[in-house]
Structure formats: C-alpha cells, structure tokens
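In: turn this into a model:
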Amino acid sequence: MTKHVFVTGGVASSLGKGLTASALGRVLKARGLRVTMQKLDPYLNVDPGTMNPFEHGEVFVTDDGGETDLDLGHYERFIDENLTRRSNATTGSIYSAVIAAERRGDYLGRTVQVIPHITDEIKHRIRQLTSDDTDVVITEVGGTVGDIEILPFLEAIRQLRLDVGPENVFYLHVTLVPFIGPSGEQKTKPTQHSVTELRSRGIQPDAIVCRSDEPISDDLKRKISRLCDVPFTGVINAADASSLYEIPLVVHAEGLDSFICNHFRIDPPEADLTEWRALVDRVFSAEQNVRVGIIGKYVSLIDAYLSVVEALNHAGIKHHVNVEIDWIQAEDVEGLLTERLRNLDGIVIPGGFGERGIEGKIAAAGYAREHGIPCLGLCLGLQVMTIEYARNQLGLTGANSLEFDPQTKHAVVNLMEDQRDVSEMGGTMRLGAYVAQLAPGSKVANAYGEEIVSERHRHRYEFNSKYLTRFDDGDFWASGESPDGRLVEFIELRSHPYWVATQAHPEFKSRPNRPAPLFGSFIEAVVERQNGRNPQLLNLDESRITQP
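Out: Sure thing, here's the model as predicted:
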C-alpha cells in the first residue's frame, strides 16, 4: 500500500516546509522508493494564476498546464519528477468542487458541511496521487498550525490515518527553535506550544524537524523528545545551510529517512547519495564569479523569479561558476544603461504581465544587443526583444505589443489568433508543455542537442507572424517554431554571441544536475565573454543607444 508523509509547520511561516519535504523526497528516492509530492494550500483562490506576484511569488506551471504553488518547483527539482496539476489543491478548488457537486444533486439533498464533505474532498485529492507505481506520497500542508484556514486539512489528514492504517501514515512537523540573544539560549518553548496546538487537533507528530540558525545540542533534543512525546531519534535538527542543496544530506545525516522507513515497516536499500554529494561539492568549488542582471518587474520579491534564479544556479554549477544576481527594477530607466548594465556579464529578461516597466526592458535588450552582452529572454522577454529589434533595426517606429499599446501601427506582438475576440482577462492562455521545431545549426538547436523540444508556456500574446518576413534581414532568426509553423517559439541573432529568447519558460524544467539547455548555453556564453573568448561585437558610444 502507498505510504503517506504529511508535513505541517508551526511557530512561524517560511520555515522551509517545502524544502524539508523536497529534501526528504530526494533521500527516499535515493533509497529506491518511488516518490511523488503534493501541496495543500489554505487560500481561497482556486489556483495562484490570478494572484499578484508581489504577494504570492511565481506561479509554477506543470506539463499539463496546471498553475500551481512555487513549492512544486522545489519538489520537481529535488525528486526529478514531472508533477501534474493534481499535485496542488487549494481551499478554493476544493470548495468549488463540493459546491458544484451540490448543485448537480450529487448529495441527494443532504446538508453539505465541512465534515464530512470538505474533508472527504481533501482526502480524495490526496488519494488521487496513490497508485501501484507510487511507494510514498509526501503532502505538505500550507500555512501554520493555529491558522483557522488549515483546520479542514488537519482534520482530513487526521482521518486518513484511520482510513489507511497508522503504519501507512507519518506526521512530520517542522518548527522553529529560536536563539534569544539577551539570554544566549536556544528556546524550545515555541516548539512545545506548536506541538500542543497540533495535538489539540488530534494529530500527534511522529517526528519533529527543528529549524535553527545554529545546530542544537543533544540535551535540547532530549528535552523536545520528552515534552513533545516524540522519540529522541525522531527529533531532527535542520540548522541553516549554506546551500539549499545541502538539505538532503542534512536530513539523511540526522537519520530521518531511516526513522520513517522503520515506521512504515519497510526496508529499502541504503540511500545512494553519491551523485548528490558530488553536486554539493560542485556548488562550493566554483572557479569564478559571473554577474547576471535580471531586469524584472517584481524584483522587490525575488520569489517571483524563483525558478529563473534556480535555473541560473544549475547552469552555474555545471560550468563551475558562482552566479551573482543583480536585481534591476525595470522601471528605473534613468541611469540604467550607463550605471547598471555596463558591469554585467549577462542579462536575463524574464516573464511578466502588464505595461509597467516595459520600456526599461526594451532598453536593456537594446543595450545587450549593441554591446555584445549575452542576453536571454523568457516569455515576455522574447516579446520585448522583438519590439526592440523592430524599432531600432527594422525602422518600425512605435512598434509594440497590443498588450501595451492597443493603437500601435506595428503590432509585432499580438493576441493568439483564437483569443482576439475575447477580453484579455476573459481569454485563456497557452498553458503547459508545447512542442517546438528548432532550426538546424541554430544556437538553440545546438544548446538542446536536438531539433524537436518541449517546453512549458504561460502567456496570451505571441510574436505576430505576419511581420516575420520583415524580420528576415539576414541577422534576426526565428530559430524555433511550432510544428505547424504558425507560432514563433525561439528567436536569436546570427551575429551576436548570445541574444536568444523563447516564448516558453524553460526554467520550470531545470534540474540541479541537469540544467535547462538555454540556461546552460547562456551561462556558457557569459563565461566565454568574461574570459575574453567572445569579444564585444560593437563598442558604440552610449549616445547612440535608443533611450525609451
């Protein structure tokens, strides 16, 4: 029978429940177990797709088009499995399903209540991930114990232990052991109170992961064990790590995987973490630093670009460099070109929605093009790079996207054809994995090492193919298209060391030991430029750069 690990959190938010769950998944998979993961989110939004990036961070997209919580990105990167929309369930989606069932008459006129109808739907979502091909399902419950929003989830996972048997369910609670400066002590009282709150909901944790800034002593572990009714070997310390990729090694060293396997009465092989240890060694053996600017709209909350940052780190690991991120607010146009971009080794223009900051992104794309700085555009990045080239190389004055200027005379970026008769907010997006055909000999084909590729998308606007012949000037190259030739998926410049963009989000499929190909080739170009092997093509005076 499939085993279930439920990860809850207490004391404070942002303790790293998602990373703890991901690290555990990595270690259990290293023991030969087949692992999948899930996030239960307590907010009332049906999914994070319409949530403000400043509030929620990035929206992670799965192959099947699910708009999900960013923790699914951690899950995929650590366990190296492609998850689906079923791996993210929100209060909003659960209530929507129950209300829809009530409207259909599925409940035959009975009173619909949180218990059993909402809790049954939550358990149904959890059971959806169980199969003959899955040994362990790790489910993270969002929020913090004590929050009113997560009560139905706690009740559901409490009931599930009765449904499937105690030997098939493991409760893992993540808490904080803070250091109090004036007393010079680490305090266990917050953990005690958090466990007491969890137990008041009918759940006794089987193990506790204690987050701390410094390692805690065995005496403190014994105290937590005694007062929280958890075996000493079930008190796991996860002190702050220098790299998030160290966390699986910490979890394993603390014996959490063995403790869980003993609880489940299974005896898989010892964890083979050889490859992962080598990965961590590479993280700390970078031979040089490179500076990459991210020209973003949401840079005040870096979680809005979490997968982009991780994909850059993965590529850095591959090329033995430490990638330093320079966060550049796209709206800060004044002084942007001369003061911020000239010291960069590379530029990334990530995705986003809306008009704010667009002219700054266009200016950055132009600076990179004219100064030979490697530049990678992602989704919106492709669109602004297209606009920049149309304005400044093709002479299409005022070229723009219909998203930003509905009156533009040159809509080089417009709505997908099947969306032009609907409002922007009412239209649907191209979501999930789509196949592209790459041009032989192109930079993108060389990066992927193949000509048929699949990447995930999340957008509504596209390169206007009606302008494609205008762009055919011998340098600009639509180097990747949809199989039917209707949609431009990749662009690049033949003469530039690396001025490449994609309509997709390749960052979502990047892995620590297998970086996304475009990020890998981008960092390679960055390193070559820094080492002088790719000299700048142009040394134009700053005054010649088109200002927004």
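In: low-confidence ranges, the protein, go.
Out: Counting by pLDDT under 70, the ranges of the chain that qualify are 333-338, 417-427, 533-548.
In: and the residue located most distally from the centre of it, how far from S183?
Out: Farthest-out residue of the chain from its mean C-alpha position, per C-alpha atoms, centre = their mean: G109, at 42.2 Å. G109 sits 61 Å away from S183, taking C-beta to C-beta, to the nearest Å as the criterion. C-beta here means a position set from N, CA and C on the backbone, and glycine is covered the same way.
In: for D473, same thing?
Out: Counting by C-beta to C-beta, the gap from D473 to S183 is 70 Å.
In: can you tell me the element the closest residue to T233 other than its chain neighbours falls in?
Out: Residue nearest to T233 in three dimensions, not counting chain neighbours: F259, with 5.6 Å by C-beta to C-beta, 6 or more residues apart in numbering. Following DSSP states H and E, one finds F259 within helix 256-264.
In: helices or strands up against that helix?
Out: Secondary-structure packing of helix 256-264 (3 or more C-beta pairs under 8 Å, 6 or more residues apart in numbering; DSSP states H and E): helix 17-30, strand 169-176, strand 207-212.
In: what's the first helix or strand after it?
Out: Per DSSP H and E, the first helix or strand lying C-terminal to helix 256-264 is helix 274-283.
In: ok, back up a step: assumed the residue farthest from the centre of the chain was part of a helix.
Out: No - residue state for G109 (DSSP: H, G, I helix; E, B strand; the rest coil) corresponds to coil; a helix is not indicated.
In: for it, what are its contacts?
Out: By C-beta atoms under 8 Å, 6 or more residues apart in numbering, the contact list for G109 is empty.
In: same check on the one 5 residues further on?
Out: V114 is in contact with 152, 155, counting by C-beta under 8 Å, 6+ apart.
In: how much space between it and V98?
Out: Going from V114 to V98 by C-beta to C-beta gives 9 Å.
In: ditto for M429
Out: 26 Å.
In: which one of those two is surrounded by more residues?
Out: Each of M429 and V98 has its neighbours counted (other C-beta atoms under 10 Å); V98 has more, 20 against 17.
In: need the residues that contact the helix or strand hosting the more buried one.
Out: In the assignment (DSSP H and E), V98 maps to helix 91-104. Helix 91-104 is contacted from outside by 41-47, 107, 112, 117-118, 121-122, 125, 149, 152, using C-beta under 8 Å, 6+ apart.
In: now the strands for the stretch 101-250 of the chain?
Out: 136-141, 169-176, 179-180, 185-186, 207-212, 235-239 (DSSP state E, counting those that start in this stretch).
In: rebuild these as CSV, extending it with distance to H457 and mean neighbour count.
Out: Below are the strands of the stretch 101-250 of the chain laid out as CSV (distance: least, C-beta to C-beta, whole Å; neighbours: other C-beta atoms under 10 Å):
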stretch, distance to H457, mean neighbour count
strand 136-141, 26, 25
strand 169-176, 34, 24
strand 179-180, 45, 11
strand 185-186, 47, 14
strand 207-212, 36, 23
strand 235-239, 35, 21
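In: could you export those strands as JSON lines, including distance to F353?
Out: Shown next, in JSON lines, are these (distance: least, C-beta to C-beta, whole Å):
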{"stretch": "strand 136-141", "distance to F353": "27"}
{"stretch": "strand 169-176", "distance to F353": "33"}
{"stretch": "strand 179-180", "distance to F353": "41"}
{"stretch": "strand 185-186", "distance to F353": "44"}
{"stretch": "strand 207-212", "distance to F353": "34"}
{"stretch": "strand 235-239", "distance to F353": "36"}
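In: so which of these comes closest to M416?
Out: strand 136-141 (34.4 Å; C-beta to C-beta).
In: which helices and strands does that closest one pack with?
Out: strand 3-9, helix 17-30, strand 35-41, helix 151-164.
In: identify the residues contacting R125.
Out: Each residue near R125 by C-beta under 8 Å, 6+ apart is listed here: 38, 40, 86, 89, 94.
In: name the nearest of these relative to T144.
Out: Comparing these against T144 with C-beta to C-beta places L40 closest, at 13.2 Å.
In: touching, T36 and L83? I think so.
Out: Yes - look at T36 against L83 with C-beta atoms under 8 Å: they come within range, at 7.0 Å.
In: against D257, how distant is G146?
Out: Noted for G146: a distance of 28 Å to D257, by C-beta to C-beta.
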